[in-house]
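Trainee: this one's structure only:
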């Protein structure tokens, strides 16, 4: 089959690789009909995520048709059309039973590596480094799905692939980020990053009852989409002091909740952002927490910081005193995708939302390498690229 | 004080000399294991035998006194003469009866202990073990020394084994039906003494790591019914460095 393989920093390629096989009895093999490039794939592309190996198949947002099932998978049959959560969960451990699927104890065969770095390991993920399982990803024509009796969710025929594809990651991620804000009547939610997760977080925050949503970015198309599709107020961080502007917009109070939908590779024009770039470039720090700092500073007293943006390692100069002094609540982590697929599928079926509005590019596998480059530099109005692996 | 608090304190900063820094469970295992090691050591001649006897005596001291002067933050202690001790605990989300019963059938052990090829249970309560080692295969016979259903299983190798070893596994219910805490203690003398352990360490088979990984596989097998793996999955062409790395990982 054809698959996108990670070759090194700034280098992915289309390769012919062997088709995936059933390895364990709870596995299934999916013929992929649609897959997408995620903003977090750019962290791999940019070389920010350790324990990647040349030849790793990447991609973790994919859906398709069941073509083979292991002997302990009784709920799926050949031909079923399913979306697959990007977090791999066994469904049996303490964490899965608590519905904390992305913290599954059993799905990471390389848990020892993650334990060294984090003390404990989270769940395995598709196509996202060996520390997080080393599982082959879904930017390919087929994928092996472990614990297929727990993860894949059947989708109705009358919804198109594009309408349901984002149930695999970014829609649940955005929705969980908004849910983590514990939104109350009258609340203002500020969202840093108007990429796909940011766009869907705007929608989700309104669905959960936010009074106002203020979205922050610097890319014109993204701000426009946030305004037009999301009905958010917007701030361009190149033009305003974000903390001051947010204070002014909220009657001097500050936003009730702040969502960092950017993560470890924040861009910024302020002094601290330049400092981060220098430190990361010289390997003196790993992550660039400019957005996190700004959100801590901007959030109202007693407010909530919700962090769907990915962080991987050590953060420098995070104003923890400010967070403490204002009694902030932090909510974060990989998405417990399994909790959200059903409820959000209902919302799509009910016509409350059609997440496909974020798609700007429809490409083939062969076009993926150049699209990564384009996505990285935010050119050609690229917000979300969806791949048809058979085109 | 509860078992859990004891266990935690064992690694606390205040575990000074003279105070108790080992949980009651472990003290039990220590006395059992220590006694077995001492007997085995005395039954054998030569330096390894003396080492084992010394190690055993030490374990008894530690078990009865409740203090281990060399325990510290390390889970593995190589006694000066070459005996290796490993201790590891993991919580398994299954009732204690299930976990005990699975382990009690020693023939199940090779399903999750990577280096065990085979355990054959004989009808006199003894068992024959075959394992892979850096030097090839090693085999030994073992007998059960302690067996209290849903609580503890202890075993030791019989005299003249290629690897002299004593082991115990303790089962206790986690609070509020949160499964079973499984604590494994092993004392063994590697084939080539301390040098064997050093070689094993170099090849990433440091005993604590191995016991941890074996316990992790046991947990996955008990909870999820299978052991997660990416072995044999598809991928693109690897670089030489990638291949070397994947060998280590």
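Mentor: That came in fine, so what should we check first? What you see is a predicted model; the values in this text were computed from it and never measured. Numbers count the residues shown, from 1 in each chain, chains lettered A, B, ... in the order given.
Trainee: pLDDT score for residue 161?
Mentor: You didn't pick a chain, so chain A it is. For residue A:161, the pLDDT comes out at 98.
Trainee: please go with chain B instead
Mentor: 79.
Trainee: Then residue B:64?
Mentor: Looking at residue B:64, the pLDDT reads 44.
Trainee: Tell me where the chain has helices.
Mentor: In the absence of a named chain, chain A is used. With DSSP state H applied, chain A shows helices at A:39-45, A:94-97, A:111-118, A:161-164, A:170-179, A:196-207, A:220-228, A:242-249, A:271-281, A:290-298, A:320-325, A:341-349, A:368-376, listed in chain order.
Trainee: I was thinking of chain B, sorry if that wasn't clear
Mentor: B:3-9, B:24-43, B:46-65, B:96-104, B:193-202, B:207-224, B:240-248.
Trainee: where does chain B have low pLDDT?
Mentor: For chain B, the stretches flagged by pLDDT under 70 are B:1-83, B:134-135, B:190-205, B:241-249.
Trainee: can you do 80?
Mentor: Applying pLDDT under 80 to chain B flags residues B:1-84, B:133-136, B:161-163, B:188-207, B:240-249.
Trainee: Can you name the residue of it nearest chain A?
Mentor: Per C-beta to the nearest C-beta, residue B:236 is where chain B lies closest to chain A, at 3.4 Å. Yep, even glycine has a C-beta here, placed from its N, CA and C like the rest.
Trainee: Count residues in the vicinity of that residue, would you?
Mentor: A total of 23 residues lie near residue B:236 under the criterion other C-beta atoms under 10 Å in any protein chain shown.
Trainee: count of residues packed around residue A:264?
Mentor: Going by other C-beta under 10 Å, the residues that sit close to residue A:264 add up to 24.
Trainee: which residues touch the residue nearest to it when sequence neighbours are not counted?
Mentor: Once flanking residues are discounted, residue A:264 sits nearest to residue A:287: 3.8 Å by C-beta to C-beta, 6 or more residues apart in numbering or on different chains. When contacts are counted by C-beta atoms under 8 Å, 6 or more residues apart in numbering or on different chains, residue A:287 touches A:48, A:263-265, A:280, A:311-315.
Trainee: ok, now with 7 Å
Mentor: A:264, A:311-315 (C-beta atoms under 7 Å, 6 or more residues apart in numbering or on different chains).
Trainee: Please convert the buried members of these into PyMOL selection syntax.
Mentor: A single PyMOL command is used to select the members of these judged buried by 16 or more other C-beta atoms under 10 Å in any protein chain shown:
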select buried, chain A and resi 264+311+312+315
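Trainee: how about the contacts of residue A:287 in CSV, adding distance to residue B:179 and pLDDT?
Mentor: Shown next, in CSV, are the contacts of residue A:287 (distance: C-beta to C-beta, whole Å; pLDDT from 0 to 100):
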residue, distance to residue B:179, pLDDT
A:264, 35, 84
A:311, 30, 88
A:312, 30, 85
A:313, 32, 83
A:314, 33, 84
A:315, 34, 87
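Trainee: Minimum distance to chain B: which of the helices of chain A has it?
Mentor: helix A:94-97 (4.9 Å).
Trainee: In terms of mean pLDDT, which of the helices of chain A ranks lowest?
Mentor: Across those, the lowest-scoring stretch is helix A:271-281, with a mean of 72.
Trainee: For that one, list every residue counted as buried.
Mentor: Those would be A:272-273, A:275-277, A:279-280, for helix A:271-281 by 16+ other C-beta under 10 Å.
Trainee: What separation is there between the nearest residue to residue A:306 once chain neighbours are set aside and chain B?
Mentor: Using C-beta to C-beta, 6+ apart and skipping residues adjacent in sequence, the residue nearest residue A:306 is residue A:180, 4.0 Å away. For residue A:180, the distance to chain B equals 25 Å [C-beta to the nearest C-beta, to the nearest Å].
Trainee: thinking residue A:180 is in contact with residue A:305, fair?
Mentor: No. Counting by C-beta atoms under 7 Å, residue A:305 is not a contact partner of residue A:180; they are 8.9 Å apart.
Trainee: can I get the contacts of residue A:287 in a markdown table with distance to residue A:209?
Mentor: Formatted as a markdown table, these follow (distance: C-beta to C-beta, whole Å):
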| residue | distance to residue A:209 |
| --- | --- |
| A:264 | 30 |
| A:311 | 28 |
| A:312 | 32 |
| A:313 | 35 |
| A:314 | 36 |
| A:315 | 31 |
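Trainee: What residues does chain A have near chain B?
Mentor: A:3, A:5, A:15, A:17-20, A:23-26, A:53-57, A:72, A:90, A:92-94, A:97, A:106-113, A:124, A:130, A:133-136, A:144, A:146 (C-beta under 7 Å from any C-beta of the partner chain).
Trainee: OK, contacts around residue 106?
Mentor: With no chain named, the answer covers chain A. Residue A:106 sits in contact with A:90, A:93, B:220, B:223-224, B:228, where contact means C-beta under 7 Å, 6+ apart.
Trainee: I was thinking of chain B, sorry if that wasn't clear
Mentor: Counted by C-beta under 7 Å, 6+ apart, residue B:106 has contacts B:119, B:121, B:127.
Trainee: picking up where we left off before, got the phi/psi numbers for the residue of chain B closest to chain A?
Mentor: phi -80, psi -180 (degrees, to the nearest 10).
Trainee: any idea how far residue A:64 is from it?
Mentor: 20 Å (C-beta to C-beta, to the nearest Å).
Trainee: try residue B:95
Mentor: 38 Å.
Trainee: Between these two, which has more neighbouring residues?
Mentor: residue A:64 (27 against 14).
Trainee: my guess is that one contacts residue A:35, does it?
Mentor: No. The criterion here is C-beta under 7 Å, and residue A:64 misses it with residue A:35 at 8.3 Å.
Trainee: is it true that residue A:171 touches residue A:201?
Mentor: No. Counting by C-beta under 7 Å, residue A:171 does not reach residue A:201; the two are 9.7 Å apart.
Trainee: When these two are compared, which one has more neighbours?
Mentor: Taking other C-beta under 10 Å, residue A:171 and residue A:201 do not tie; residue A:201 has more neighbours (34 against 31).
Trainee: Surely the more buried one is in contact with residue A:191?
Mentor: Yes. Look at residue A:201 against residue A:191 with C-beta under 7 Å: they come within range, at 5.3 Å.
Trainee: Now a PyMOL select for only the buried ones of the residues of chain A next to chain B.
Mentor: Typed into PyMOL, the line below selects the buried ones among these, using 16+ other C-beta under 10 Å:
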select buried, chain A and resi 3+5+15+17+20+23+24+26+53+54+55+56+57+90+92+93+94+106+107+108+109+110+111+112+113+124+130+133+134+135+136+144+146
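Trainee: quick one: which of the residues of chain A next to chain B sit in strands?
Mentor: A:3, A:5, A:15, A:56-57, A:124, A:144 (DSSP state E).
Trainee: Same list, the residues you listed, but as TSV with pLDDT please.
Mentor: Putting those into TSV (pLDDT from 0 to 100) gives the following:
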residue	pLDDT
A:3	98
A:5	98
A:15	98
A:56	98
A:57	98
A:124	98
A:144	98
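Trainee: which one of the residues you listed sits closest to residue A:160?
Mentor: Nearest to residue A:160 among those is residue A:3, at 23.9 Å by C-beta to C-beta.
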